[in-house]
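>>> Dropping the sequence and predicted coords here.
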Amino acid sequence: EVQLLESGGGLVQPGGSLRLSCAASGFTFSTYAMSWVRQPPGKGLEWVSGISGNGGTTYYAASVKGRFTISRDNSKNTVYLQMSSLRAEDTALYYCAKVPSTMLRGVIPDYWGQGTLVTVSS
Amino acid sequence: QSVLTQPPSASGTPGQRVTISCSGSSSNIGSNFVYWFQQLPGTAPKLLIYRNNQRPSGVPDRFSGSKSGTSASLAISGLRSEDEADYYCAAWDDSLSGPVFGGGTKLTVL
């Protein structure tokens, strides 16, 4: 059974940094690309970033490019999202999601974790 | 403003058939597969339809998807109270180099 467990969310001041983690189990982690998708409270879904199975290719939404960095450690079955220069509009529930392909391009995530809440406020 | 356009709400009575539309452009729906997700209150999105019209194992055949040109739709037949949820369409966007989502449709079972 695919399991994705996010952690690292919390309250952070504008301009601050936070690192999210997602521990995966139930599948051969290095074989699949991974993504982060966020959902502001009461609003819709927004894709944030993605990384290929071997970590060699990364993609970012325009809204976070230059501020967020996605990475993965296949020896630990974990994907990370380093967030810096955080803004109030980054406040959201951040979901980790598995992509059913080793490459990210053209493929939409299938399994999603339960999310970790990031609140950016002074 | 979401890249894909969905109606904000839809409704039906038990047993009815309802459809939810999703409109995009040539860079997303027009050239890539469409996916549909169901999000029950307080839970993570669950994949309902992939590659336009395919159902993952465990998804009832009451749910079906279709695509034509730059639009897609999700149909739910034999509506049940447990179908009350938010529904999102998604597709890869070649111009943005990432997945894009619709704004979501809140389905109410009357």
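Now that the structure is in, tell me what you want to look at.
>>> C-alpha from now on. contacts and neighbour counts both.
Fine.
>>> Which stretches in the chain count as strands?
Since no chain was named, I'll use chain A. With DSSP state E as the criterion, chain A has strands at A:3-7, A:10-12, A:18-25, A:34-39, A:46-51, A:58-60, A:68-73, A:78-83, A:92-98, A:111-112, A:116-120.
>>> look at chain B instead
For chain B, the strands defined by DSSP E occupy B:9-12, B:18-23, B:34-39, B:46-49, B:63-68, B:71-76, B:85-93, B:98-101, B:105-109.
>>> OK, contacts around the most far-flung residue of chain B relative to its centre?
Residue farthest from the centre of chain B, counting by Cα atoms, centre = their mean, is residue B:95 at 21.5 Å. Residues near residue B:95 by Cα atoms under 8 Å, 6 or more residues apart in numbering or on different chains: residue B:27.
>>> Let me see the backbone angles for it.
phi -70, psi -40 (degrees, to the nearest 10).
>>> Which pLDDT value belongs to it?
Predicted confidence (pLDDT) for residue B:95: 95.
>>> Output the strands of chain B as CSV; include the columns distance to chain A.
Shown next, in CSV, are the strands of chain B (distance: least, Cα to the nearest Cα, whole Å):
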stretch, distance to chain A
strand B:9-12, 13
strand B:18-23, 14
strand B:34-39, 7
strand B:46-49, 6
strand B:63-68, 16
strand B:71-76, 16
strand B:85-93, 5
strand B:98-101, 6
strand B:105-109, 10
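>>> Any idea which of the ones you listed gets closest to residue A:26?
Closest to residue A:26 of the strands of chain B, according to Cα to Cα: strand B:46-49, at 17.0 Å.
>>> I'd assumed residue B:104 was in contact with residue B:2.
No - using Cα atoms under 8 Å, residue B:2 makes no contact with residue B:104, being 9.1 Å away.
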